[in-house]
Structure formats: C-alpha cells, structure tokens
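A.B. asks: How does the following fold in three dimensions:
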Amino acid sequence: MTTAASGHSVLSEHSALSALSARIRSRLVLDSAHATREGVSRALQHEGVVLSEQAFESLVTEMEREFNGAGILQPLLDEPGVTDVLVNGIHPVWCDRGQGLERTGISFDRDADVRRYAQRLASMAGRRLDDAAPMVDARLPDGTRFHCVLAPISTDGTTISLRIPSSSSFSLDSLLAQGSVNCELRDLLIAIIDSRLAFMVSGGTGTGKTTFLSILLAHVSPDHRIVIVEDSAELNPQHCHVVRMQARLPNVEGAGAITLRDLVRTSLRMRPNRIVVGEVRGAEVVELLSALNTGHEGGCGTVHANSPADVPARLEALGLTAGLDRVALHALMGAGLDAVIHLQRLPGGQRIVCGIHTTQRGADGMTRTIPAIEWNGTTWIRASGWTALQERIKRGAA
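C.D. replies: The predicted structure follows:
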C-alpha cells in the first residue's frame, strides 16, 4: 500500500513538472524571451511558481536544450566527423561519423516532442512546418541542411534529417593525401577546370558531391565570375568572385515561387563566366544545357546517378519533365556536356573519384559516356575515352 502511494506520488510529481515545463515553454515563446537563467526565472515569476535550486537548474537545462541551437542534438552536430544526424520518430537517433550510419543513445520520449523540435528548427530557417505544410527542406543559420516530414505523412513518426556542412577546408591536395584521388587524377581535374570544360559531378547520396564541386570551383581562374544556383545554399567555394542565388517555395497562398529554372535564366543576364547548378533535379536541366550550347563554357552541377553511364538517362528523364523530347535533349547534351566525374563511397566510408567519363554522341543520335579513367578496385587506370578527353582539354585550353 505504501509502495503504491509512493509510486502515485512520483507519477503526480512527474506530471506536474511536465505541465510546468509546457507552461514555461509557452511563456518563453509568448514573450519572445531567450532560454537563459534570467528568461526562465522571469517566466516562473509570471507563473507564480517557486522551485528548488535543483529543479530550477534542471528546468533551465531543459529549456536551453530545446530552444538554443539544435537542442538535444547539438552535441552530435558539434562532434567532429559527424556528417548526418537522422531522427525517426521516438526511435533512437542515428548518425554518420564517416563510417556509415550508427545508432546513438539519444531519443525523444514522444512524437509530439519531435514535432515541436522540428517546428523550432523550421522557424530558425524562416520556414513554415505544420499540418498544412508538413514537409520542409531548408538551411539552418549555421549551414546545416534540414529536412523534415511530419507525422502522419511519415507514418512511423516525424522524421528529421540533418546534413552537417564540413568544418574542414578541403582541397585537391587534401583529397590526394586521403587517397580519394591520385596525382594523375588531380592534374586531370585541374585541366578540366582550366580548359573550361562543362561537366557534371555524379554519385549517390552521401558521396560528397557538393563538397567536391566546391573544391573544384576553388580552382577557377580568379578573374572569372561564378554564378551559383541552388535549391538550398550549400556550395561555398573558396573563390573571390561568387554570386549565389537560392530558389524559393510558394507562400501560403501558392504564389511567389522562384524555381531553379527561373534562376538559371536570370543567371544568363548576370555576365557569368561559369554557371553552376548545385543539384540538377528538374526542368532547369534544359536551361543549363542550353546555356552550355550558347557560349557559356565551363558550366557544371551535380546530379544523382548510380554510375557515369547512367547520367545521360538521368538527364533525359529530367528533361522530359520540362517537355523536351528525347532527341533534342540528347542533342543538347552531346554538344554541350564534356565530362562526367563520378564519386563513390567505399564500404569503409572513404569517398573516392571512381572515374571520369567523356561524352560521345552515337550514330543513333543518343549521347553516351565513355570512360577516360577508372578505379579498378585498387588504383586508377586509363580507359578507352582517355584520348578523346585529352583532345577536348587541348581544344578548351587553346
């Protein structure tokens, strides 16, 4: 009987503290107050509540964790080497420390907590996240890529994906030291940039396409103007003349959208030496390929593909969304795109340039990729397209 009463007392105390936390949270939001000791203290005064020093410190820690930075996940985001943090409802949080996904000891108690946490991150990015707009893809103030799908659209609970930008300053020499390229491959990549060949960086999710493209753009001549177009600003090349533009989703009334296609068109009037599309994922492929065929040399972008040989089919599928027929798309591709640089993540987590292909238009009018240099599992070897790629480089450098 005593045990039952004690358990009931503990349960009641826990419920009271949870209710108090909810009231303090609402008070901080209502007053636009910071989750500091002073802010929490003032909120408690408004609520007419006095806590013990231990309970007060616990409440301050809870509010700081929830309101400041990335809250409960901030330690993971601050941990060196972490590239991705994934929340799957109330299940344990996963992260990638460079060796693949692994389970962490962090989790949320209720999906309502995950939802509230996601909405706070969305507000930090200036985006709406609720039942009317249950999905968001945005960039947090510190550069972290934030993606969320609310329940019940995500049937097993609210999901959050955080992609952390690298704090390290990578270069081709650092990639060489890590074994991601060899000397011949490094020199070939620099030659592709110097000769202003148009290229696509391809690969799967998490292979480092954006980081790699930023590294290459750092080798662009300093007297060239780079205009970057992205859905979510991620490219940050170490270059002295960069103009960056970001697409915008429609507002609540469904108006005001600015698409990548709009931005690529706009970039043509901005006196660009290089037009860069952070990720080619839709109808903007037509404007980019058209630009590459009308004197805008050296354009580039990234695209999701399983292999370099799959890139023409991938671009073809994207072109169809813009209403461009297959023959016309392959004509633009064959005349405007010079090379495909493919990245791969090895089982141990290492990211490598597994090959560079050049493009070739066949007698049937279809564009295909031909390997110029390939990774054979232990090293890089020259392949059948080596001579053709070298000829393009010489023509571009002339």
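A.B. asks: Can I take it that residue 188 is in a strand?
C.D. replies: No - Residue 188 is assigned helix when assessed by DSSP: H, G, I helix; E, B strand; the rest coil, not a strand.
A.B. asks: Can you tell me who residue 163 pairs with across the strands?
C.D. replies: Per DSSP bridges, the residues bridged to residue 163 are residue 84, residue 145.
A.B. asks: Provide a list of residues in contact with it.
C.D. replies: Neighbouring residues of residue 163 by CB atoms under 8 Å, 6 or more residues apart in numbering: 83, 84, 144, 145, 147. For the C-beta atoms, the positions are set from N, CA and C on the backbone; glycine is no exception.
A.B. asks: and residue 250, which of the three is it?
C.D. replies: Assigned by three-state DSSP, the conformation of residue 250 is coil.
A.B. asks: From one end of stretch 286-305 to the other, what's the distance?
C.D. replies: 18 Å (CA to CA, to the nearest Å).
A.B. asks: again with stretch 71-87
C.D. replies: With CA to CA as the measure, what separates the two termini of stretch 71-87 is 13 Å.
A.B. asks: cool, stretch 291-310 as well?
C.D. replies: Length of stretch 291-310, first residue to last, CA to CA: 22 Å.
A.B. asks: And stretch 56-75, by the same measure?
C.D. replies: End-to-end distance for stretch 56-75, by CA to CA: 22 Å.
A.B. asks: With stretch 292-301 instead?
C.D. replies: 12 Å.
A.B. asks: Also stretch 278-297?
C.D. replies: 17 Å.
A.B. asks: Tell me which residues of that stretch come out buried.
C.D. replies: For stretch 278-297, the neighbour count (16 or more other CB atoms under 10 Å) marks 278-281, 283-293, 296-297 as buried.
A.B. asks: Keep only those of those that are in helices.
C.D. replies: The helices, defined by DSSP state H, take in 284, 285, 286, 287, 288, 289, 290, 291, 292 from the buried residues of stretch 278-297.
A.B. asks: Taking those residues, tell me the two that lie furthest apart.
C.D. replies: Spatially, the most separated pair among those is 284 and 292, at 12.5 Å (CB to CB).
A.B. asks: Format the ones in helices among the buried residues of stretch 278-297 as CSV; extra columns: pLDDT.
C.D. replies: Listed next are those as CSV, based on pLDDT from 0 to 100:
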residue, pLDDT
284, 92
285, 93
286, 92
287, 92
288, 93
289, 93
290, 92
291, 92
292, 92
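A.B. asks: From these, pick the one nearest residue 19.
C.D. replies: Closest to residue 19, out of all of these and judged by CB to CB, is residue 284, at 50.0 Å.
A.B. asks: show me the contacts for the most centrally placed residue in the chain.
C.D. replies: The chain has residue 145 as the residue nearest its centroid, 5.2 Å off, counting by CA atoms, centre = their mean. Counting by CB under 8 Å, 6+ apart, residue 145 touches 137, 138, 139, 161, 162, 163, 164, 165, 232, 234.
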